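Engineer: Quick one: sequence and predicted model below, then my questions.
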Amino acid sequence: MTKNLLIARFYVAVQFICLAYLLYSGPWLATNYWLLVLEIFGVLLGVVAIWQMGIGNVNITPIPKENGVLVTSGIYSLIRHPMYLAQLLVVAALVAEYYSPVRLAVLLLLMVNLVFKLHFEEGRLLTYFDGYAAYREKSWRLIPLVY
């Protein structure tokens, strides 16, 4: 197994452990109206991102699929990693709804992991897709107008 594949699997493992803990340790639906709206927006963003990417093009590891296609339209014209943003919106709403210091720490760990994962992924995308460098100049990584 290559070093890149080990690193990729590590990021995915940390991501899934954090998500599992946050979903296991509290309710899955926010009862606060605004947090529920945020959670629903995150779910919708994730569904739209998967639909626009194409289910056959989705890969949970931050390594491009062998016959993968670079998607730069739709939500991807604004954000390069909308699925990561979708996850963060959903679980941030859940952590705010049912707060504990441990849940906050796990959310922060997830955020840091996703930032490292997306940087790792972008390094692979740069070498895999000829147009990725130009696409990167025209889009935001995670949060429009911020990052």
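Structural biologist: Now that the structure is in, tell me what you want to look at. Given the structure is predicted, the values throughout are model-derived calculations rather than measurements. Numbering: from 1, shown residues only.
Engineer: Quick one: residues contacting the spatially most central residue of the chain.
Structural biologist: With distances taken as C-alpha atoms, centre = their mean, Tyr84 lies nearest the centre of the chain, 1.2 Å away. With contact set as C-beta atoms under 8 Å, 6 or more residues apart in numbering, Tyr84 has these partners: 114, 117-118, 142. From N, CA and C alone the C-beta is placed, and that goes for glycine too.
Engineer: so where's the chain shaky on pLDDT?
Structural biologist: 1 (pLDDT under 70).
Engineer: Please go through it and pick out the longest helix.
Structural biologist: Selection of the longest helix in the chain by residue count, based on DSSP state H, yields helix 101-128.
Engineer: other SSEs contacting the helix or strand following it?
Structural biologist: Of the helices and strands lying after helix 101-128 in sequence (DSSP states H and E), the nearest is helix 132-137. Here helix 132-137 touches helix 101-128, going by 3 or more C-beta pairs under 8 Å, 6 or more residues apart in numbering; DSSP states H and E.
Engineer: helices or strands next to the helix it packs on in the packing?
Structural biologist: Contacts defined by 3+ C-beta pairs under 8 Å, 6+ apart place helix 101-128 against helix 3-24, helix 82-97, helix 132-137.
Engineer: wait, which of those is closest to Leu125?
Structural biologist: The closest of those to Leu125 is helix 132-137. By C-beta to C-beta, the value is 4.7 Å.
Engineer: May I have the closest one as CSV, with CA atoms only?
Structural biologist: The C-alpha trace of helix 132-137 is given here as CSV (Å, rounded to 0.1, in the frame of the first residue of the first chain):
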residue,chain,number,x,y,z
TYR,A,132,-7.4,22.1,-11.9
ALA,A,133,-5.0,24.9,-11.5
ALA,A,134,-7.2,27.3,-13.5
TYR,A,135,-10.3,26.1,-11.8
ARG,A,136,-8.7,26.7,-8.4
GLU,A,137,-8.1,30.3,-9.3
